[in-house]
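K.L.:
need a 3D model of the sequence below.
(chains A and B)
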Amino acid sequence: MSPIPSAQLSTRIQPAATPPELLRNFCIIAHIDHGKSTLADRMLQLTGVVDARAMRAQYLDRMDIERERGITIKSQAVRMPWAVREGGDPDDTSAPLVPYALNMIDTPGHVDFTYEVSRSLAACEGAVLLVDAAQGIEAQTLANLYLAMENDLAIIPVLNKIDLPAAQPEKYAEEIAGLVGVDPSTVLKVSGKTGMGVTELLDRIVEEVPAPQGDADAPARAMIFDSVYDTYRGVVTYVRVVDGNLNPREKIVMMSTKATHELLEIGVSAPEPHPTKGLGVGEVGYLITGVKDVRQSKVGDTVTNAAKPATEALGGYSDPKPMVFSGLYPVDGSDYPVLRDALDKLKLNDAALNYEPETSVALGFGFRVGFLGLLHLEIVRERLEREFDLDLISTAPNVVYEVTLEDRSVVTVTNPSEFPGGKIGEIREPIVKATILCPTEFIGAVMELCQGKRGVLGGMDHLSQERVELRYTLPLAEIVFDFFDQLKSRTRGYASLDYEPSGEQAADLVKVDILLQGEHVDAFSAIVHKDKAYAYGVMMTAKLKELIPRQQFEVPIQAAVGARVIARETIRAIRKDVLAKCYGGDISRKRKLLEKQKEGKKRMKTIGTVEVPKDAFIAALSSDGAGSGGKDAKDKSKK
Amino acid sequence: MSPALPDGIPVPDDGALPAWVGAGPEGAGSDDHAGRDFGVYLHVPFCTVRCGYCDFNTYTASELGGGASQASYADTALREIELAAGVMERAGLASRPVSTVFVGGGTPTLLPAGDLGRMLAGVRAAWGLAPGAEVTTEANPDSVTPESLAQLAEAGFTRVSFGMQSAVPRVLATLERTHDPRRIPDVVRWAREAGLAVSLDLIYGTPGESLDDWRTSVEAALATGVDHVSAYALVVEQGTKMAAQVRRGDLSLPSEDDQAEKYELADELLTAAGLEWYEVSNWARRATGDGAAAGPDPAFTCRHNLAYWRGEDWWGIGPGAHSYIGGAASRTDQAHVSSDRPDGPQGASDDPAAPAPGGREGVRWWNVKHPRRYAALLEAGKSPAAGRELLTPAEAHLERVMLGVRLREGLDLSVLSEVGRRNVAGMVAAGLLDGRAAIRGRGVLTLRGRLLADTVVRELTDG
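P.N.:
You can find the predicted model right below:
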């Protein structure tokens, strides 16, 4: 008999009328390429909410970038019906079937979105810990697992991709059983690809995830765990009802802002939106109020009823705080208005994105943009370029510094060029707690790297004989620089990294400026540790010498801390720029060459009198300097 | 092996020119076609060996097959001359006597002097030679004798340009030139005795060439007493054997600074010996009179090459040869500032009967490269042209500046756009354009400016 509840059974699990004991709210904790979306697809099929015909791979990943890169940026919630035999034995056909409504909350899988993950976890009573049977657990999964355990979620350990020839289910079952504290034999083995074991997993969710609890008679309290902008419907807010209930057409209040909205629509995703008569205790669904900006519907906020408001908000809310800043500039200055409009549009759907206009001597008009982290930066940049056809230069990412001057006034620096001159009392920089998982053979290499990045070892644990977990406190600035690339290259790709903000510390930092022919190039200024200023100066001047073509005059490139020059290179004047031979047969070719050069000249930024190709900015600001964020996104060639 | 032909639009089978070429403001068939000279270039695509640096359209005997032998080449070229005369006549261009003829290659002197003479006779028969016409042939120092040179003079040649390249055996070996440098003074003397004007071609910047080697070469050229020297920086073109040697690391390229230094040395030595630059890479003996200010004696310059830089009309005969016929109303020193492109060449009407499309400034075309295909097309009575371009005003303007500024007589600055004119002062201040000439309205490069001529062109065609 099908575990999909019959029509008759389904009447017992109608939205707004499902008793909490028939609800199960769970999420899946997994590393980005461990097959979470494929498993979710299989669940949608097995529970009958999406038929095979309508199925498309990774159904829940809506954005193109998500599907292409195989990562989930925004979470979604899906309500799925399921039935199990009373008593839990599927073979006991004499026992009546009991219908359940399962809400699967698909969590984002990247370090930049820790806060969103924590809110998704807070909406659940259980979590499926999904680990690739060929790879074992990764650092981010481990961090999210700890988070789930702190939230007292029931953990169901599952090994995925057991159909792969390279799978080592025994080995990794032992590893995750050790982490969760269960017997390795209880670890479920599934294949999202073939569907093997997925039915058992659904049964196990009903069996092990506790039913939600709440006070149905109390004033309504629902937690927002996601908020998505839809061009046609405005903001769609995903909530988990804790107490009371929410109903169509009533007025609701956002408790952090006290803003009141009318509920135009309320419903559940299955996974297409289905309007319902409301949402009751423990239920998960969506609200539409007609607001146009996700900032009016913040993740973590509590929704209550305006007529009968709750007095106390649910805990855990905090405003998204940008951790990494970068200047974004259009390569073609006339695209500035396009960039501004594009950011305004992205902002509607990204509560963590914030930006202010900024002017750079070198790059012209642009924006200083704050991001949750490097992946967030990369995604925003990629969307701007792809969806709005923009050609952008982004400056090297930097963190936020608190600079206390001698007169005790404090300056917050989000752009190195704003770094105050003069006497400085103290500089504080953000630090993170980092977790690194790696095979034991690389412990030395990882420790050496962390040491070089001003890391402080907090502890080390063996996950198994071959794998170790290292915990470090590191300056965030060191991580946004080139940490991840180096970690990967020093461990042949085997290490994984997770980190979370952990306050700030005082540090001996200086600003290194780069001067071209005596002109300060603000885009290249960087705040670095005093001991690394020289290395940065040498690296940047050498790089620029390679990237900037020779000019009609000699161009000195200097790196300076304050007035002190710490590194210098010279671009010698060009002496020859002429084609010696130009006869009848050469003319067309020569003219076309000049046309191309003139075209290239349009892609030059003039600093003082020095012409710098925009590509030189891009090259100088990328590679070593930045952009390691998305490297752990799925490698498409692997598929 | 030679550089790829440009991208262009197709040419009608009969080679017909667009009708607007012949339709000037004074009506079709004006006597001198907007006052331009007419020159003929004859390409001879044969060599005994291919030099490692050479990317010209030339073939050794073994590379060619039927219908394209050296023996039948003169006859094939004569067919194109005949076709050319017909095409120009049908375009309404009244016959102009030819001012200059230049036979290049390849190694023209690989052909018997009689064949070269027959081709020249063909030119004379088709258009006539203007009184005092300049008739040049290139020659390899090891492929001439006193007799063959006398025969060339007999046939009507007035000038010979020898590919000397260097006086240093090691450098010649790197270039894979086979001639004996000790022959140079002899061949120059023989040519002069035959009544021919003589030019020597030199190449600087060959891998392994020292500054002293270069000095030796320039001095050796001057010691022959020649009245004309061309000196070119070696350019290693893609697809040549030398490019492969450089890629493999067997040869290392000289730096641009080294080339600049050698150019400056050449100019110094040549000027001291009484030769004056008249184009970036060409020097000719000074006119008697007020010293350097007098400039080169026009009698010693190469008028055929000047025609390229001045935007005159010319027809290139032979495989891979380029040709250019200006529009009825255009001429190099005529003010023309328009920079709009009415339509791209691809989209332009190419119907030869169509009236002049908005502001076409001239037509350039180029023949198929391979001698066998070239011969086959002519055999079939078809034009050997592979493609052509119809110059827009903006393209014509860029060419005018790019070519005109190479000359000592300079560029008429009034042809520049407003932005271009504004940039003149900056170029003078940077020491690239001569200030006194600029005041007279001419853009004349300084010595430093000659080495940075492309920079100057980009500045003057800004905006």
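K.L.:
I'd like to know how far A:Ile105 sits from A:Gly285.
P.N.:
Computed with CB to CB, to the nearest Å, the distance linking A:Ile105 and A:Gly285 is 11 Å. Just so you know, the C-beta spots here come from the backbone N, C-alpha and C atoms, and that holds for glycine as well.
K.L.:
no no, B:Pro131
P.N.:
Distance of B:Pro131 to A:Gly285, computed by CB to CB: 100 Å.
K.L.:
who has more neighbours out of those two?
P.N.:
Taking other CB atoms under 10 Å in any protein chain shown, B:Pro131 and A:Gly285 do not tie; A:Gly285 has more neighbours (28 against 7).
K.L.:
now that one: closest residue in space that isn't a chain neighbour?
P.N.:
The shortest distance from A:Gly285 to any residue other than its chain neighbours is 4.3 Å, reached at A:Val268 (CB to CB, 6 or more residues apart in numbering or on different chains).
K.L.:
could you do A:Val561 as well?
P.N.:
Nearest one to A:Val561, counting by CB to CB, 6+ apart, is A:Val510 at 5.0 Å.
K.L.:
now do the same contact list for the one you found.
P.N.:
Taking CB atoms under 8 Å, 6 or more residues apart in numbering or on different chains as the criterion, A:Val510 is in contact with A:527-530, A:533, A:561-562.
K.L.:
in those, find the pair that's most separated.
P.N.:
The most widely separated members of these, counting by CB to CB, are A:His529 and A:Gly562 (15.7 Å).
K.L.:
wasn't A:Val239 part of a helix?
P.N.:
No. Under DSSP: H, G, I helix; E, B strand; the rest coil, A:Val239 falls outside any helix and is assigned strand.
K.L.:
for it, which residues are in contact?
P.N.:
Residues counted as contacts of A:Val239 (CB under 8 Å, 6+ apart) are A:222-225, A:246, A:279, A:284-287, A:303.
K.L.:
got it, and A:Gly421?
P.N.:
A:Gly562.
K.L.:
in three-state terms, label it for me.
P.N.:
coil.
K.L.:
try the one 5 residues further on
P.N.:
Each residue gets one of three states, and A:Glu426 gets strand by three-state DSSP.
K.L.:
helices of the stretch 301-450 of chain B, start to end?
P.N.:
Read by DSSP state H, counting those that start in this stretch, the stretch 301-450 of chain B holds these helices, from start to end of the chain: B:303-310, B:371-379, B:393-404, B:418-429, B:435-439, B:447-451.
K.L.:
give the rounded mean pLDDT of stretch A:571-588.
P.N.:
Per-residue pLDDT values across stretch A:571-588 average out to 90.
K.L.:
do the same with stretch A:98-114
P.N.:
Stretch A:98-114 shows a mean pLDDT of 81.
K.L.:
chain B contacts on chain A?
P.N.:
A:552-553, A:572, A:574-585, A:587-592, A:594-595, A:597-598, A:601 (CB under 8 Å from any CB of the partner chain).
K.L.:
where does pLDDT dip in the chain?
P.N.:
The chain I'm using is chain A. Per-residue confidence for chain A (pLDDT under 70) gives these ranges: A:1-2, A:52-76, A:108-111, A:622-639.
K.L.:
other chain: chain B
P.N.:
B:1-3, B:23-34, B:61-68, B:290-293, B:328-360, B:463.
K.L.:
quick one: residues contacting the residue in the stretch 301-450 of chain B positioned nearest to chain A.
P.N.:
Per CB to the nearest CB, B:His322 is where the stretch 301-450 of chain B lies closest to chain A, at 4.5 Å. B:His322 sits next to A:584-585, A:587-588, B:41, B:316, B:364-367 when contact means CB under 8 Å, 6+ apart.
K.L.:
just grab the bridge partners of the residue nearest to A:Gly285 for me.
P.N.:
A:His274 (DSSP bridges).
K.L.:
common neighbours of A:Ile105 and A:Gly285, please.
P.N.:
Joint contacts of A:Ile105 and A:Gly285 (CB under 8 Å, 6+ apart) are A:Ala77.
K.L.:
same for the lengthiest helix in chain B, what does it pack against?
P.N.:
The residue-count maximum for a helix in chain B (DSSP state H) belongs to helix B:70-90. Applying 3 or more CB pairs under 8 Å, 6 or more residues apart in numbering or on different chains; DSSP states H and E, one finds that helix B:70-90 contacts strand B:38-44, helix B:113-127, strand B:313-317, helix B:371-379.
K.L.:
grab the nearest non-local neighbour of the residue positioned nearest the centre of chain A.
P.N.:
The residue lying closest to the centre of chain A (CA atoms, centre = their mean) is A:Asp112, at 3.8 Å. Ranked by CB to CB, 6+ apart and with sequence neighbours excluded, the top spatial neighbour of A:Asp112 is A:Gly373, at 3.3 Å.
K.L.:
please apply the same query to B:Ala220.
P.N.:
Per CB to CB, 6+ apart, closest to B:Ala220 is B:Ala167, 3.6 Å.
K.L.:
tell me the SS of the one you found?
P.N.:
coil.
K.L.:
do A:Thr435 as well
P.N.:
A:Thr435 ends up strand, using three-state DSSP.
K.L.:
quick check: it touching A:Val468?
P.N.:
No. With contact defined as CB atoms under 8 Å, A:Thr435 does not reach A:Val468; the gap is 11.0 Å.
K.L.:
distance of A:Met447 from chain B?
P.N.:
Distance of A:Met447 to chain B, given as CB to the nearest CB, to the nearest Å: 41 Å.
K.L.:
what about A:Thr435 and A:Val468, which has more around it?
P.N.:
Between A:Thr435 and A:Val468, counted using other CB under 10 Å, A:Thr435 has the larger neighbour count: 23 against 19.
K.L.:
how far away from the center of its chain is stretch A:397-406?
P.N.:
How far stretch A:397-406 lies from its chain's middle: 24 Å, per CA atoms, centre = their mean, to the nearest Å.
K.L.:
repeat for stretch A:597-614
P.N.:
For stretch A:597-614, the distance to the chain centre is 35 Å (CA atoms, centre = their mean).
K.L.:
ok, now stretch B:115-131?
P.N.:
Relative to its chain's centre, stretch B:115-131 lies at 19 Å (CA atoms, centre = their mean).
K.L.:
now stretch A:382-401
P.N.:
Taking the mean of its C-alpha atoms, stretch A:382-401 sits 15 Å from the chain's own mean (CA atoms, centre = their mean).
K.L.:
what about it, how long is it end to end?
P.N.:
Chord length of stretch A:382-401, first to last residue, is 27 Å (CA to CA, to the nearest Å).
K.L.:
which single one of the contacts of A:Val239 is nearest to B:Ala233?
P.N.:
Distances from B:Ala233 to the contacts of A:Val239, taken by CB to CB, are shortest for A:Phe225, at 69.3 Å.
K.L.:
and the longest helix of chain B with strand B:313-317, angle?
P.N.:
Counting by axes from the mean of the first three to the mean of the last three CA atoms, to 10 degrees, helix B:70-90 lies at 150 degrees to strand B:313-317.
K.L.:
name the next helix or strand downstream of helix B:70-90, please.
P.N.:
strand B:98-105 (DSSP states H and E).
K.L.:
direction included, what does that following strand pair up with?
P.N.:
Here strand B:98-105 has these sheet partners by DSSP bridges: strand B:38-44 (parallel), strand B:129-139 (parallel).
K.L.:
give me the nearest residue to the residue in the stretch 401-550 of chain A positioned nearest to chain B, chain neighbours excluded.
P.N.:
Of the residues in the stretch 401-550 of chain A, the one nearest chain B is A:Arg550, at a distance of 8.5 Å by CB to the nearest CB. Nearest non-adjacent residue to A:Arg550, counting by CB to CB, 6+ apart: A:Ile574, 3.7 Å away.
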